[in-house]
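Novice: return atomic coordinates for the entry below.
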Amino acid sequence: MTTYTAQHTEVTAVNQDSRRTWLTIALCFAVAVLEGIDFQAPGIAARGMAAAFELDKLQMGWVFSAGILGLLPGALVGGWMADRIGRKRVLIASVALFGIFSIATAHAWELYSLMGARLLTGVGLGAALPNLIALCSEAAGERLRGTAVSLMYCGVPLGAASAAMIGIVGFFDDWTVPFYVGGVLPLLVLPLLVLWLPESAAFRAKQASSSQQVRVPVVQGLFHNGAALPTVLLWVAYFFTLMVVYMLISWLPSLLVGQGFSGVQASWVIFSLQIGATLGTLMLGVLMNTLRPLAIAGLIYIGLLAALAALGIAESFASMLVAGFAAGVFATGGQGVLYALAPLFYRTEVRATGVGSAVAVGRLGAMSGPLVAGKMLALGTGTAGVMIASAPGLVVAGIAVFYLFVRSRKNPLAN
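Specialist: This is a model prediction of the structure:
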């Protein structure tokens, strides 16, 4: 009888842990979908915004980059706070912030109020992502971390595809609609997070034992005890990969319209890109656990270089759809692999900070992408010139990712 009771208790505990894990992944996935809508909204609304505020290409580059600039302090502060007061609390505050200021974007009255609203939306988006990654990573445990993060992160391209659908169904000319959608939905999800999202068990355990332990300083957690090289390599890979991802998200719709495609056709290409991104995130998330380091790094970055070249030379609508799909598979799918890699190199007490620092450095690349693209277009280089300029950075990122995979399989630091 005692043995049966013990076994029953153990099975119940396992089932509760499993339910908690899947509930965490499901709620984080929902927030990731909302992030994807907000990430893509400026690109979908770009033509209408430019007309409403009489903005040239360089000014639009600043509008894009204002939102991305907000991601940087958001990721740094959000990750740092999460390691101190909890992942759940910071995530809830982040979702509220980007929901409110997405709605505020639709009420902007001139360039600077538009940039300010996008900046604060970016702060909320940036603070949310390290917590989504940390929550899913810690809920799944060491063996399934990569899979859990990939499942969660595929919500981002799905959300972006949903934003593209807004343009496809005929709201392309009303530039405020994507921002209303991207603002109201997060506010509706907030009560679900408050009621049902469990705090990370690993974080709670560390908090419970913190009275007997000295808190690990941020610098020591990121750069000492073997973490320095992975930290630097993560920063390099994030910077160049996110530079290309956000260049595509921000400028591709406008580039397509400039090449003679209609607004609806441009939305279809973005939709194709984001569907490719969803499938790529899932596919590469599985392959990262099975392929050799050289194979997975080569697959991501050679594939991305080929997709960018195809985007630069494609002329027909059909070929542009295919090129966009491939760009999504390797650009956003590769980004998802980076998000799954980062938690492997940091211990629980600095995991959100470590992931947040990598995301923040990546946002520097993300911020530079739209600005560089806007400047090159203003100089008349065209779409092909913008794509070619991305190649050297992607080669560097591919080398960094190769060494990260080698390091993660030989001596992972996380516990």
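Novice: how close does residue 269 sit to residue 130?
Specialist: Counting by CB to CB, to the nearest Å, the gap from residue 269 to residue 130 is 30 Å. Using the backbone N, CA and C atoms, a C-beta is placed for each residue, glycine as well.
Novice: ok, these two, which is more surrounded?
Specialist: Taking residue 269 and residue 130 together and counting by other CB atoms under 10 Å, residue 130 has the greater number of neighbours (36 against 26).
Novice: low pLDDT regions in the stretch 101-250 of the chain?
Specialist: 142-143, 167, 170-173, 208-221, 225, 249 (pLDDT under 70).
Novice: mind listing the helices for it?
Specialist: Taking DSSP state H, counting those that start in this stretch to define them, one finds helices in the stretch 101-250 of the chain at 111-140, 145-153, 155-166, 177-196, 201-208, 218-223, 228-258.
Novice: so which bits of the first one are buried?
Specialist: Applying a neighbour-count criterion of 16 or more other CB atoms under 10 Å, one finds 111, 114-140 buried in helix 111-140.
Novice: next: stretch 309-322.
Specialist: When neighbours are counted by 16+ other CB under 10 Å, the buried residues of stretch 309-322 are found to be 310, 311, 312, 314, 320, 321, 322.
Novice: now, the most widely separated pair of these?
Specialist: With distances taken as CB to CB, the most widely separated pair in those is 312 and 321, at 15.2 Å.
Novice: state the next helix or strand along the chain beyond whichever strand or helix holds residue 19.
Specialist: Element membership for residue 19, per DSSP states H and E: helix 2-53. Under the assignment DSSP H and E, the closest C-terminal helix or strand after helix 2-53 is helix 57-85.
Novice: ok, the nearest residue to residue 151 once chain neighbours are set aside - contacts?
Specialist: Once flanking residues are discounted, residue 151 sits nearest to residue 25: 5.9 Å by CB to CB, 6 or more residues apart in numbering. Contacts for residue 25 (CB atoms under 8 Å, 6 or more residues apart in numbering) come out as 136, 139, 140, 148, 151, 152.
Novice: residue 113 now?
Specialist: Residues counted as contacts of residue 113 (CB under 8 Å, 6+ apart): none.
Novice: quick check: it vs residue 62, distance?
Specialist: The gap separating residue 113 from residue 62 is 13 Å, by CB to CB.
Novice: need the overlap of contacts for these two.
Specialist: The contact sets of residue 113 and residue 62 do not overlap (CB under 8 Å, 6+ apart).
Novice: for the nearest residue to residue 187 once chain neighbours are set aside, grab the count of nearby residues.
Specialist: Among residues not flanking residue 187 along the chain, residue 99 sits closest, at 4.5 Å (CB to CB, 6+ apart). Residues near residue 99, counting by other CB under 10 Å, number 23.
Novice: who are the contact partners of residue 99?
Specialist: 34, 124, 182, 183, 184, 185, 186, 187, 190.
Novice: now the buried members of the residues you listed.
Specialist: 34, 124, 182, 183, 185, 186, 187.
Novice: what is the nearest of those residues to residue 75?
Specialist: With CB to CB as the yardstick, the closest approach to residue 75 among the buried ones among the contacts of residue 99 comes from residue 124, at 10.9 Å.
Novice: isn't that closest one up against residue 90?
Specialist: No. Between residue 124 and residue 90 there is no contact under CB atoms under 8 Å: 10.5 Å.
Novice: next, the distance between the ends of stretch 308-322.
Specialist: 11 Å (CA to CA, to the nearest Å).
Novice: sorry, that was for stretch 371-391
Specialist: End-to-end distance for stretch 371-391: 17 Å, by CA to CA.
Novice: pLDDT score for the closest residue to residue 186 other than its chain neighbours?
Specialist: Of all residues not flanking residue 186 in the chain, residue 99 sits nearest, at 3.3 Å (CB to CB, 6+ apart). Per-residue confidence (pLDDT) for residue 99: 96.
Novice: from residue 191, how far off is residue 99?
Specialist: 12 Å.
Novice: ditto for residue 113
Specialist: Relative to residue 191, and taking CB to CB, residue 113 is found at 29 Å.
Novice: what ranges of the stretch 251-400 of the chain fall below the confidence cut-off?
Specialist: In the predicted model of the stretch 251-400 of the chain, residues 381-384 satisfy pLDDT under 70.
Novice: now the helices for it?
Specialist: Assigned by DSSP H, counting those that start in this stretch, the stretch 251-400 of the chain shows helices spanning 263-287, 293-313, 317-341, 351-378, 382-389, 391-410.
Novice: what about the longest one, distance to the chain center?
Specialist: Okay, so that is helix 351-378. 11 Å (CA atoms, centre = their mean, to the nearest Å).
Novice: next one: stretch 323-333
Specialist: Here stretch 323-333 is found 14 Å from its chain centre; the criterion is CA atoms, centre = their mean.
Novice: also stretch 243-250?
Specialist: Taking mean C-alpha positions (CA atoms, centre = their mean), stretch 243-250 and its chain are 11 Å apart.
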